[in-house]
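Undergrad: Quick one: sequence and predicted model below, then my questions.
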Amino acid sequence: MLTTTNNRPSFKVITPRISFVGMEAFDRLSDITLQEARNCAVEKDHKKGDTLFRYNDSAASLWFVKRGLVRESNHSIDGKEKILGIFRPGGLLGTSAFIGKEYGSRGMAETDGTTLRFPVQKILEWMSKDIAVTVMITLKMADLLQRSRDRLAVWDDPAEKRILHTLLEMIGQFGPTVPLGRTAIGHMAGTTPETCSRIFTRLRKAGLLTTHPGGFFVPNPSLLQERIQRP
């Protein structure tokens with residue numbers, strides 16, 4: 001903005017206003033909460049592979065995905081990565097900040113994108129005075145818990161059934177075109193890349209999916225569900 005001081009032009013720097021457009025989770029928040037959120041949010045762009053937070057980092061913030069995809073993962077006893085979730089815009093991660101001083105997982109950009117980071121204490125403050133924030137966080141946490149329970153229910157099943165379950169979970173999030181490769185699906189299902197590759201080949205030959213660089217397409221998800229029911 002151009003202003004004048006003693007008849008001489010000067011320039012005032014205007015900080016861009018953080019926008020929540022397209023982030024459904026923020027639609028029902030009060031104007032007061034939205035303004036406070038804009039004032040304390042830290043918005044950051046990420047390149048694919050960038051680390052947002054590491055296991056055992058100080059857990060002072062919650063993260064929302066604004067653009068792109070972010071994965072949250074930890075490691076099993078044998079040192080293998082276990083993907084806890086792939087989060088699209090609006091997704092919430094870093095929720096271990098609610099219960100501990102350190103993150104119990106790692107957040108990493110799955111694609112180029114943007115995140116918003118909020119102090120967990122501010123989130124708790126908003127929850128105490130704005131019911132819409134409480135509802136938003138409760139629904140996000142319930143979804144994470146349900147996904148965890150669903151995966152645990154099939155964890156002892158054969159590898160193909162675990163992969164089919166993971167495929168259906170991702171279709172539920174992204175639709176029939178899923179922007180994730182076999183390696184990510186294998187990590188989520190608890191299989192090796194080699195096993196996942198063999199199963200994808202079987203599914204592709206059966207006409208249940210097609211692969212493309214960076215993802216796959218499932219023309220008829222109900223056929224995957226039928227295959228899971230096979231003895």
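TA: Received, thanks.
Undergrad: CA atoms for contacts and neighbours, from now on please.
TA: Will do.
Undergrad: show me where pLDDT drops low in this protein?
TA: Within the chain, the stretches with pLDDT under 70 are 1-17, 76-79.
Undergrad: what's the most centrally placed residue in the chain sitting at in phi/psi?
TA: The C-alpha lying nearest the average C-alpha coordinate of the chain belongs to residue 87 (CA atoms, centre = their mean; 1.5 Å). Dihedral pair for residue 87: phi -110, psi 130, per degrees, to the nearest 10.
Undergrad: now swap in the one 4 residues further on and tell me
TA: The phi and psi torsions at residue 91 (degrees, to the nearest 10) take the values phi -70, psi 150.
Undergrad: go on, residue 118?
TA: phi -130, psi 140.
Undergrad: separation between the residue nearest to the centre of the chain and residue 72?
TA: To residue 72, residue 87 is 8 Å away according to CA to CA, to the nearest Å.
Undergrad: What residue spans form the domains of the chain?
TA: 21-153, 159-228 (automatic domain parsing).
Undergrad: Could you tell me which residues make contact with residue 127?
TA: 133, 134 (CA atoms under 8 Å, 6 or more residues apart in numbering).
Undergrad: Please tell me how far it sits from residue 23.
TA: 18 Å.
Undergrad: Contacts only, for the residue nearest to the centre of the chain.
TA: So residue 87 contacts 65, 69, 70, 71, 72, 93 (CA under 8 Å, 6+ apart).
Undergrad: List the contacts of the last one.
TA: Counting by CA under 8 Å, 6+ apart, residue 93 touches 62, 63, 64, 72, 87, 107.
Undergrad: Tell me what it is bridged to.
TA: residue 63 (DSSP bridges).
Undergrad: Could you do the fifth one as well?
TA: With DSSP bridges as the criterion, residue 72 is bridged to residue 85, residue 107.
Undergrad: hang on, it packs against residue 86?
TA: Yes - assessed by CA atoms under 8 Å, residue 72 is found in contact with residue 86 at 6.6 Å.
Undergrad: Stretch 132-146: which residues count as buried?
TA: Buried residues in stretch 132-146, defined by neighbour count with 16 or more other CA atoms under 10 Å: 132, 133, 134, 136, 137, 140, 144.
Undergrad: Just those: which are in helices?
TA: Using DSSP state H, 132, 133, 134, 136, 137, 140, 144 are the members of the buried residues of stretch 132-146 that sit in helices.
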